[in-house]
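# A predicted structure for the sequence below; I have some questions about it.
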Amino acid sequence: MPPNKSLLEEETIALRHAPVVLNPKQRSTVEDAIREVCDERKYTLHAINARSNHVHSVVTAPRKPEFVLNSFKSYATRKLRESNLLNESIRPWARHGSTPHLWTEEDMEAAINYVLNGQGDEPFR
């Protein structure tokens, strides 16, 4: 799908601050927060990969994906702030996120592989 230039322009204008770029410590904190959510709520975390500008995870949970995603964002934001890694005025996450259902074992395997191996090279990793 080609980029939607008008949507990008609208979203850029709506930004309240510069886009957040997570450094290695912030990325580690985000991953730890997501693991904590999964442990506390008995979700199965199959894969996680916090990148500099987004986070991927594959999770099995008895909740709607949007609920799980919002929990991850909330916990991660709180942990970042408690660790003094994120200013109170910064809202680090996009409005939504991708929350596809993985219906087959093949879908699950492909998603896990993508999260762990399909992110490309990045200087922070």
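Cool, got the structure. All values reported here derive from a predicted model rather than from experimental measurement. Residues are numbered from 1 along each chain as shown.
# Following element in sequence after the helix or strand of the chain with the lowest mean pLDDT, please.
Least confident helix or strand, the chain: helix 5-14 with a mean of 74, by mean pLDDT, DSSP states H and E. Per DSSP states H and E, the first helix or strand lying C-terminal to helix 5-14 is helix 24-41.
# List the buried residues for that following helix?
Within helix 24-41, the residues that count as buried by 16 or more other C-beta atoms under 10 Å are 26, 27, 29, 30, 31, 33, 34, 37, 38. All C-beta atoms are positioned from the backbone trio N, CA, C, and that covers glycine.
# Check the contact between the second one and residue 54; I expect there is one.
In this case it means residue 27. No. Counting by C-beta atoms under 8 Å, residue 27 stays clear of residue 54, with 10.5 Å between them.
# where in the protein is pLDDT low?
In the predicted model of the chain, residues 1, 11, 14-15, 120-125 satisfy pLDDT under 70.
# List phi and psi for the most centrally placed residue in it.
Against the mean C-alpha coordinate of the chain, by C-alpha atoms, centre = their mean, the closest residue is residue 55 at 2.9 Å. Phi and psi for residue 55, reported as degrees, to the nearest 10, are phi -130, psi 140.
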